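1. Pasted the sequence and its predicted model underneath.
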Amino acid sequence: MKNYLTRYHVAIGLVATVISLGVAIMYLFVVPIEVSGASEVQKIVLMYGHSLCWFLLSGAGLIWALRGTNRWSTVLLCLGLMVYAVFLITLVSLG
């Protein structure tokens, strides 16, 4: 599997980038219903956190496609996952 990912990292990274951008743009318009009962900070997290996560993941995918695994792709990936965790914790705390 690792050899496959290494050999086709450009194609896989570009597909992941396009899919991630699509999800990020879609979630700019899809807002969880829990936003109506949230505080200001929670509203910001719920309205933009999910999109920010996917924008960061798309950046990680693009960098991985162009340069392979490196520090920046790893940093963007980790930041995206952390933003997603904050989004999920905020969403669950309101539910």
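-> Yep, it's here.

2. Which residues lie in contact with residue 55 in this structure?
-> 20, 21, 24, 80 (CB atoms under 8 Å, 6 or more residues apart in numbering). Bear in mind the C-beta positions are built from the backbone N, C-alpha and C, glycine included.

3. can you give me the mean pLDDT across the host helix or strand of the second one?
-> Spelled out, it's residue 21. Taking DSSP states H and E as the criterion, residue 21 maps to helix 9-29. Average pLDDT, helix 9-29: 93.

4. What distance do you get for residue 21 to residue 49?
-> Separation of residue 21 from residue 49 (CB to CB, to the nearest Å) stands at 16 Å.

5. Among the two, which residue is more densely surrounded?
-> Taking other CB atoms under 10 Å, residue 21 and residue 49 do not tie; residue 49 has more neighbours (22 against 17).

6. State the distance from the nearest residue to residue 28 once chain neighbours are set aside to residue 10.
-> Of all residues not flanking residue 28 in the chain, residue 51 sits nearest, at 5.0 Å (CB to CB, 6 or more residues apart in numbering). Relative to residue 10, residue 51 is positioned 25 Å away (criterion: CB to CB).

7. Give me the more crowded residue out of the two.
-> residue 51 (19 against 12).

8. If you tally nearby residues, what's the number for residue 77?
-> Neighbour number of residue 77 under other CB under 10 Å is 18.

9. That one is in what secondary structure piece?
-> helix 71-94.

10. do the same with residue 62
-> Element membership for residue 62, per DSSP H and E: helix 40-67.
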